[in-house]
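1. structure for the following, please:
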Amino acid sequence: MIVCVCKSVSDRTIRASIKDGMDSFDELQFELGVATCCGKCEESVRDVMAQSGVCASRCGVTHPVHPVAPAVAPQVLPLTFYERKAA
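-> Got it, this is the predicted structure:
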């Protein structure tokens, strides 16, 4: 299945790269070009990495990817708004 449409990178290519020693998202991004154009494939690339057994601390996935795993609640980040003042 094509994971990155912009660069035509499949899940097989990602898995083969991981098998050849690429074990971080940054390496995959540099070598394959994934998530360098529109960025929509980043989550899918990280999911393929997690399914391939790459450590969560290396790929940024903090939960196991499993079809019957319960849904994980999204993390809520605080937002800060700054007021712009006239000069």
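
2. show me the shaky parts of the protein.
-> 55-74, 77, 79, 81, 86-87 (pLDDT under 70).

3. can you pull out the strands in it?
-> 2-4, 9-10 (DSSP state E).

4. so for residue 53, which of the ones you listed sits nearest?
-> Distance to residue 53, taken as Cβ to Cβ, is lowest for strand 2-4 among these, at 17.0 Å. Every residue, glycine included, has its C-beta placed from N, CA and C.

5. buried sites along the closest one?
-> Buried residues in strand 2-4, counted by 16 or more other Cβ atoms under 10 Å: 3-4.

6. helices or strands up against that strand?
-> strand 9-10, helix 42-51 (3 or more Cβ pairs under 8 Å, 6 or more residues apart in numbering; DSSP states H and E).

7. that strand pairs with which strands?
-> Strand pairing for strand 2-4, using DSSP bridges, gives strand 9-10 (antiparallel).

8. before we move on, back to that, okay, the helices and strands packed on strand 2-4 in JSON lines with mean neighbour count next?
-> Below are the helices and strands packed on strand 2-4 laid out as JSON lines (neighbours: other Cβ atoms under 10 Å):
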{"stretch": "strand 9-10", "mean neighbour count": "18"}
{"stretch": "helix 42-51", "mean neighbour count": "19"}
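
9. what's the closest of the ones you listed to residue 22?
-> Using Cβ to Cβ, the nearest of the helices and strands packed on strand 2-4 to residue 22 is helix 42-51, at 9.3 Å.

10. need the phi and psi values for the closest residue to residue 19 other than its chain neighbours.
-> Excluding its sequence neighbours, the residue lying closest to residue 19 (Cβ to Cβ, 6 or more residues apart in numbering) is residue 52, at 7.9 Å. The phi/psi pair for residue 52 (degrees, to the nearest 10) reads phi -80, psi 0.

11. if we can go back for a sec, which of the strands of the chain sits closest to residue 76?
-> The nearest among the strands of the chain, by Cβ to Cβ, is strand 2-4 at 28.0 Å.
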